[in-house]
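Q: The amino acid sequence is not available; the structure is as follows:
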């Protein structure tokens with residue numbers, strides 16, 4: 001590792017040497033960079049007053065606003081403006097509407113990831129929202145747009161764009177440094193020893209001291225020191241970081257400072273001007289500061305320590321010989337000065353990175369504690385919710401039992417039986433009570449599943465018979481909705497060990513879902529097969545698949561639908577009908593089904609190409625159950641689960 005670093009530093013020192021010689025011979029100066037282009041917002045609307053209103057709202061941001069009255073003009077702007085960070089699109093426009101424009105933008109490399117926000121005064125229903133998001137939109141706003149909301153949303157994308165631009169600029173700078181480091185030149189023999197010390201020492205003070213010792217010993221100079229820019233009591237100074245002047249009693253030692261405006265000081269002059277300074281006869285040099293304790297110094301060379309365009313300090317070397325520094329010495333020592341500057345800069349960066357890492361680690365620990373606290377609070381809230389459901393369910397059961405009981409007594413009353421209106425009213429009360437009973441039972445099942453207190457009563461049963469009975473019970477609803485149910489392979493399944501009542505809840509829920517989300521005239525297929533068990537499995541497994549030709553399930557929702565209280569569609573359109581098309585529910589059926597299947601040692605999941613009410617891609621619910629309950633083997637379940645995840 002050290003040899004690799006040494007080779008890298010040698011190459012880098014050669015580059016610095018060449019650049020330093022060029023600077024001294026040609027006296028080149030740096031160039032200032034061009035101003036960065038402002039981030040841009042694209043507003044597309046065929047009505048000028050709408051564009052002007054949005055532009056006025058966004059004018060408070062430090063951005064460049066581009067307006068287009070058509071999709072074609074918007075595409076032209078995108079082609080010539082690389083700094084766009086968000087586009088605001090109207091939906092209804094002549095020749096090319098907003099959705100078509102969005103699709104065109106997504107197909108272009110320069111705008112494939114450009115955030116798109118639709119704004120419309122008319123097309124604000126669910127269909128248009130879905131259409132917008134399908135074309136790649138990140139948001140959909142309804143007119144009139146609140147200026148505060150618009151500014152808030154645009155600022156999010158502006159900040160993300162600025163961060164990304166900063167990262168890209170950083171990557172470019174790093175690429176430039178890597179390119180510089182990769183250049184190969186002739187190795188400098190005189191720098192090899194010093195560079196080997198640079199790669200072998202980690203402590204910056206020890207490294208600088210060792211470099212100064214090597215400079216003195218190798219070239220026979222009397223004194224050498226590394227001075228760094230500093231501020232002392234608000235005054236710019238230069239402080240000695242490493243080295244000492246004078247023996248046996250030091251004249252200057254680390255920590256000593258010289259004012260930048262000192263009238264006589266070669267070191268201060270170099271730090272002030274940033275230009276190398278050579279005096280091969282200090283007795284006649286106006287900038288040399290004569291010191292009685294150092295009477296024999298006749299030559300002094302001070303070299304600026306630079307990293308990029310920044311000046312860090314100076315490398316100062318003094319000799320007791322007249323004309324001690326040749327042009328070759330200046331070139332070689334300039335390379336060392338640049339290498340010292342790199343070492344100092346790297347040390348500062350390392351210290352800064354270390355500090356930032358420590359701060360980041362502290363913040364991560366703090367955030368982790370906050371997340372743990374939040375998780376415990378959520379866990380407590382979930383437990384409290386389950387307890388509340390259990391209490392409420394028990395409290396409702398008693399009065400509901402009275403309602404059911406008295407309603408049944410009323411239904412048997414001859415006066416009620418002969419009065420059609422009253423009989424229908426009593427039957428309605430009984431139906432509602434039964435449905436409330438079912439809901440309460442579902443709530444209690446959820447509590448039992450959460451608390452792992454679900455009790456199952458095992459018996460041998462035929463899944464074919466059970467599913468045939470459930471389909472027969474739903475014939476009236478199927479006929480009303482003109483739905484066709486096909487049973488396939490169920491008679492070939494072996495009997496399994498399971499809780500009959502529990503599995504009735506599972507498959508009733510899955511069949512009910514298939515009916516509710518399949519349009520009239522659709523088809524439902526219930527199929528079953530015996531799965532090939534793994535070699536080390538203790539039992540076989542059967543799989544039941546309930547497939548429908550319905551509206552399907554979004555791919556990102558196929559796991560969420562098994563969450564407690566999750567319900568598809570809007571709550572305002574909730575319907576308590578069990579077979580009505582797209583009728584909602586309390587969001588308990590699928591979580592209960594999963595809990596029951598899991599208690600059987602099985603697995604249930606949903607598959608669908610996606611959601612589309614026009615194409616009707618359909619959905620498939622898979623239920624895998626073991627044939628025997630003890631001993632259990634989950635090898636095949638893990639295999640199926642991993643296959644599903646892939």
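A: Thanks, I have it. Quantities reported herein were computed from a predicted structural model and do not represent experimental measurements.

Q: The stretch 201-350 of the chain: strands as residue ranges?
A: 223-232, 235-242, 257-259, 277-279, 299-307, 310-319 (DSSP state E, counting those that start in this stretch).

Q: and the direction of the last one versus that of strand 299-307, what angle?
A: What that stands for is strand 310-319. Computed by axes from the mean of the first three to the mean of the last three Cα atoms, to 10 degrees, the angle separating strand 310-319 from strand 299-307 equals 160 degrees.

Q: what comes up buried for strand 310-319?
A: For strand 310-319, the buried set under the neighbour-count rule, 16 or more other Cβ atoms under 10 Å, comprises 311-319. Where you see a C-beta, it was placed from the backbone N, CA and C, and this is true even at glycine.

Q: Kindly report the same for stretch 159-177.
A: The neighbour-count check on stretch 159-177 (16+ other Cβ under 10 Å) flags residue 161 as buried.

Q: In terms of pLDDT, where does the closest residue to residue 322 other than its chain neighbours sit?
A: Residue nearest to residue 322 in three dimensions, not counting chain neighbours: residue 298, with 4.7 Å by Cβ to Cβ, 6 or more residues apart in numbering. Note on residue 298: pLDDT of 89.

Q: ok, so of the buried residues of strand 310-319, who is nearest residue 356?
A: Comparing the buried residues of strand 310-319 against residue 356 with Cβ to Cβ places residue 312 closest, at 20.7 Å.

Q: Could you check the pLDDT of the closest one?
A: In this model, residue 312 carries a pLDDT of 90.

Q: With the one 4 residues further on instead?
A: At residue 316, the pLDDT value in this model is 92.

Q: Need the three-state assignment for the residue most central in space within the chain.
A: Taking Cα atoms, centre = their mean, the centroid of the chain lies closest to residue 160, which sits 12.0 Å from it. Using DSSP: H, G, I helix; E, B strand; the rest coil, the structure places residue 160 in helix.

Q: and it, how far is that from residue 436?
A: 50 Å (Cβ to Cβ, to the nearest Å).

Q: what number of residues lie near the nearest residue to residue 268 once chain neighbours are set aside?
A: Leaving aside its sequence neighbours, residue 268 sits nearest to residue 262 (Cβ to Cβ, 6+ apart; 4.4 Å). Neighbourhood size, residue 262 [other Cβ atoms under 10 Å]: 17.

Q: Could you do residue 582 as well?
A: Around residue 582 there are 16 residues (other Cβ under 10 Å).

Q: wouldn't it be in contact with residue 515 here?
A: No. If you go by Cβ atoms under 8 Å, residue 582 and residue 515 don't touch, sitting 10.8 Å apart.

Q: So which residues of the stretch 501-646 of the chain form helices?
A: For the stretch 501-646 of the chain, the helices defined by DSSP state H, counting those that start in this stretch occupy 589-599, 635-645.

Q: Mean pLDDT lowest where, among those?
A: The minimum mean pLDDT among the helices of the stretch 501-646 of the chain belongs to helix 635-645 (a mean of 43).

Q: Which neighbouring elements make contact with the helix or strand in which residue 140 is found?
A: Applying DSSP states H and E as the criterion places residue 140 in strand 139-142. With contacts taken as 3 or more Cβ pairs under 8 Å, 6 or more residues apart in numbering; DSSP states H and E, strand 139-142 sits against strand 116-120, helix 126-134, helix 147-182.
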